[in-house]
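In: Fold the following and give me the result.
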Amino acid sequence: MWTPEYAVDGVEMDREHETWFDILNRLHEAMLLWRRGGTPANDLRGIVDHFVHEEELMAAAHYPGLWEHVQGHDELREIAREWARRFERGSSP
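Out: Purely as a prediction, here's the structure:
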């Protein structure tokens, strides 16, 4: 669940993060209930788009921890890709 403590004081990025918290909560529900459909895989693929956007904003702002942050995104991207493949095959993550 999104709370203000996660805010990074960037209205645009905070709005995207809040959206992703909602999406991840829905994915978690879907996994717990063993529901399958197009939405979970689409949501997972959308994570990659969010990370690219966030990294562009961080680079433009000369964010000092960008490299470490990108490495974390890379790990999460691979997890998202694997989950999307599993949803498409009809297996659980």
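In: Need the pLDDT of the residue of the chain most remote from its centre.
Out: The centre of the chain is farthest from one residue, H62, which by CA atoms, centre = their mean lies 22.0 Å away. Note on H62: pLDDT of 93.
In: Which phi and psi values does it adopt?
Out: Note on H62: backbone dihedrals following degrees, to the nearest 10 are phi 50, psi 40.
In: where does the chain dip in pLDDT?
Out: 26, 29-45, 91-93 (pLDDT under 70).
In: Report the central residue of it.
Out: Nearest to the chain centroid, counting by CA atoms, centre = their mean: I47, 3.7 Å.
In: which residue packs closest to it, ignoring adjacent ones?
Out: A80 (4.6 Å; CB to CB, 6 or more residues apart in numbering). All C-beta spots, glycine's among them, are computed from the backbone N, C-alpha and C.
In: so that neighbour touches D49, yeah?
Out: No - in this structure, A80 is not within contact of D49 by CB atoms under 8 Å, at 10.7 Å.
In: Name the residue in those two with the higher neighbour count.
Out: Neighbour totals were compared for A80 and D49, and A80 leads with 21 against 10 (other CB atoms under 10 Å).
In: So which bits of the helix or strand harbouring the more buried one are buried?
Out: Using DSSP states H and E, A80 sits in helix 66-89. By neighbour count on 16 or more other CB atoms under 10 Å, the buried set for helix 66-89 is 70, 73, 77, 80, 83-84, 86-87.
In: Compute the distance from the centre of that helix to the centre of its chain.
Out: For helix 66-89, the separation from the chain centroid amounts to 8 Å (computed by CA atoms, centre = their mean, to the nearest Å).
In: Check stretch 1-8 too.
Out: 15 Å.
In: Other residues contacting it?
Out: 14, 17-18, 21-22, 25 (CB atoms under 8 Å, 6 or more residues apart in numbering).
In: Between all of these, which two are separated the most?
Out: D14 and N25 (16.7 Å; CB to CB).
In: of those two, who's got more company?
Out: D14 (15 against 12).
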